[in-house]
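Asks: build me a model:
(2 chains)
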Amino acid sequence: MSVVAPGLGQPSAPEPDFGDDGTRRAPRGRVEPVDRVFRAVLGGSGAVVLAIMLLVGVFLTYRAAQALGVAKFRFLTTSAWEPDSHHFGIAAVLTGTVLIGVTAIILALPLALGTALYISEYAPRRLKRTLISLVDLMAAVPSVVFGLWGAFFLQGHVVGLSRWISTYFSWIPLFKVDGADPHDPLQADTAYTSSTFIAGIVVALMVTPIACSVMRETFSQAPAGEREGALALGSTRWGMIRAVVLPYGRGGVIGGTMLGLGRALGETIAVYMIISPVFSVQPHILQNGTNSVSSLIALRYGSASDFGMSALMAAGLALFLMTLVVNFIASSIAARGRSGAGTEA
Amino acid sequence: MTTDLLKEPAGRTVRPALEDRDDSPEVRRNTSSVHTSDVLALLGAALGGLSLTALLFVWIAPFDSILGFVVVAYLLFVGLYAVLVSFDENSVAVRDKVAAVLWQSLGVLLLAALVMVVVFTLWRGKSSLVHLNFFTQDMATTGPLQPLTRGGMVHAIVGTLEQISISLVITVPLGLSCAVFLNEVPGRYARFVRTIVEAMTALPSIVAGLFIYATAILLLGLDKSGFAAALALSVMMLPIVIRASDVVIRLVPSSLREASYALGASKWRTVWTVILPTTRSGLTTAVILGTARGIGETSPVLLTSGINTGLNADPTNGPQLSLPLATFDLVRSPQPAYIARGFGSAALLMALVLLLFVLARVLGGRGPGELTRNQRHRRVQASRRDVARMSRRAQFRSAAPVAAPGLE
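Replies: Prediction:
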């Protein structure tokens, strides 16, 4: 078991600082002019970043106001998208977004947890850095590449699985497929393509690295003293993981999962390339056709009128708020609990 | 009953006789956690699982799905492994070993998926990448039916490089100075900025594109152009770069910082000569990883750059295609040649990302203060020169020439 080296950066306790005459010296000396300029530059760059980030939210709200003013509460309950006849809403796209996101995160959670545990607990030390950068690499694989893989490779291989699930589990409403007869051997596969499930698998692969690196980070911070204590009491490695690492990293697991969910909700291109858009609430995840807020924007921005653009902004704002909430919950959970407290082994 | 010990006179200690010592050299104990029996159990279970599944699929049941084969084989493998291990271990150890197998196979599954995605793209892309004209021509005069020996992606390559350069020019100074700000000017304001930046790392990239589309293009009347695309990429990359560099700068040992302040250095001096050089490798990695994320983003570019088929090297004027957008646009066409070109540009994009990762791995990834061998060597040389210089000065100054302590 590795022993954590004592932190290099332990600030020593501040000595009281007395001047020659015994009075306490002012803690801050003369600020040089160059320093004042430097501070101003730093503060300015912080302000610019802040301004850009706030502007995104403010501007989206401003542009969306026109459409929201027309649609009012129907915006949340209408599933059609015909902004030019003032009949539009995000009920369908929001359902699709949430279903894709939840499917993705259910698939991603075990994958991320397993990989994080493998890297932090089982992998040989020499391999660790390589594995970490491979996971980072996976996070940087362009979404269009994932989309290509999903549409041209995965789709053909997963249809069989979709068909199997819908044949044996269609009594669960979620897995029902309208217009498909499981007992018809000549049933075409098209009923199962371009579905929420396939998009979910691809998005799962895209968000796993994020979730995995958050989890791995907290697992590797589990105090060495407690790990060694568990091992010294005769626990096996799995026992140690279950008794020390997992309880310690629970915040990281939940936070990483939520962070992944935030990513999954906002994913655009890969989803757009796989799904075939429908504008009705479609809760069957194995069935052809679904939709998401981001692919709605990608689909309709080109042909949108001025008012249509405002409606798309409103949809974008809804997506933005949703990811923001999920992300805030994620970071507050990840920061809470013991993982955040600096424990000394 | 009395023992011999009690018969001994009190107050005397008896040294027990030395045991016969074995003088042969001690045999080193095997402390490795890998034992032959484990390896054999793994191999046996794998073999058994495969054969049983093959038997089931080929002889007994009319199954034909490859996925089903893999799943059944894996389940049988885990079951057989548990049985094999249980022959010579207790149940706690069996659970430990099975858990190890499960977690490791999940890790392997993820890596396998990564390899599959990368290899599939490169493989499908190779048919168009082998033609040199792919890198030298644009698509201005190439129709949908023309073969892969005509036309190429040079306009998208130029577009990608220009757009990412512009967004790096924006993000690197702004991002790094903001990260320095978060660490060196702590306070409530800095905490607020950090919270906002952290929230923004989850900004959906299409929203970044939508924002620039609404401001730069609709409000300011800018054309759809490479510059607008670069702005959208910057909005998306900025939080990523800031967060990654923030983490790196936070790791700088505060003893270094305090030493610099104790020597009377100003904040600016400290940042410029201590913080930035110490974190150089980590900051490089942060920027490169941010670049890798930005270079492959399609959705911000989709709304802001526009699509063209000819070479347009001017980012401020007219639509400018980039590699991810070219991929996205080409594979929507039903023409096989277009799809092949789409895979070609995806493969090129993937190769660029891989290159950036190799660069990041070579240049950085070291913690602050960790040195390569060459750097260590240079440090030693520099410190030798300093000692020599100081001792020369000491000799020159003192009337009686005495060698400085610590030399020779």
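
Asks: show me the contacts for A:I132.
Replies: Listed by Cβ atoms under 8 Å, 6 or more residues apart in numbering or on different chains, the contact set of A:I132 reads A:119, A:213, A:216. Backbone N, C-alpha and C define where each C-beta goes, glycine included.

Asks: hang on, isn't A:T115 packed against B:S105?
Replies: No. In this structure, A:T115 is not within contact of B:S105 by Cβ atoms under 8 Å, at 10.4 Å.

Asks: so which of the two has more stuff around it?
Replies: Taking neighbours as other Cβ atoms under 10 Å in any protein chain shown, A:T115 and B:S105 compare with A:T115 leading, 30 against 16.

Asks: so that one versus chain B, what's the distance?
Replies: Noted for A:T115: a distance of 4 Å to chain B, by Cβ to the nearest Cβ, to the nearest Å.

Asks: now do the domain split for chain B, please.
Replies: The record's domain split for chain B, according to automatic domain parsing, is B:36-128, B:154-383.

Asks: just to revisit the earlier point, closest one to B:L220 out of the contacts of A:I132, please.
Replies: A:S213 (37.7 Å; Cβ to Cβ).

Asks: pretty sure that closest one sits against A:A139.
Replies: Yes. At 7.5 Å, A:S213 counts as touching A:A139 under the criterion of Cβ under 8 Å.

Asks: follow-up on the earlier one: would you mind finding the most buried of the domains of chain B?
Replies: domain B:154-383 (a mean of 20; mean count of other Cβ atoms under 10 Å in any protein chain shown).

Asks: now the end-to-end length of that domain.
Replies: 50 Å (Cα to Cα, to the nearest Å).

Asks: where in the chain is pLDDT low?
Replies: Just going to use chain A. Chain A contains residues with pLDDT under 70 at A:1-31, A:182, A:185, A:336-345.

Asks: that's the wrong chain, I wanted chain B
Replies: Ranges of chain B meeting pLDDT under 70: B:1-10, B:18-22, B:365-370, B:399-408.

Asks: measure the closest residue to A:I285 other than its chain neighbours to A:G101 for me?
Replies: Leaving aside its chain neighbours, A:I285 sits nearest to A:T196 (4.1 Å; criterion: Cβ to Cβ, 6 or more residues apart in numbering or on different chains). Look at A:T196 and A:G101: by Cβ to Cβ, to the nearest Å, they are 10 Å apart.

Asks: same check on B:A382?
Replies: For B:A382, the distance to A:G101 - Cβ to Cβ - is 54 Å.

Asks: flag every residue of the stretch 251-400 of chain B that's near chain A.
Replies: Residues of the stretch 251-400 of chain B lying near chain A by Cβ under 8 Å from any Cβ of the partner chain: B:251-255, B:258, B:266-268, B:271, B:289, B:292-293, B:295-299, B:302-303, B:324, B:327-328, B:331, B:342-343, B:346, B:349-350, B:353-354, B:356-357, B:360-361, B:365, B:369.

Asks: returning to that earlier point: out of A:S213 and A:A139, which sits in the more crowded spot?
Replies: Taking other Cβ under 10 Å, A:S213 and A:A139 do not tie; A:S213 has more neighbours (21 against 17).

Asks: show me where the stretch 151-300 of chain B has helices.
Replies: According to DSSP state H, counting those that start in this stretch, the stretch 151-300 of chain B carries its helices in the segments B:154-184, B:188-200, B:205-212, B:226-250, B:254-262, B:267-270, B:276-278, B:280-295, B:299-304.
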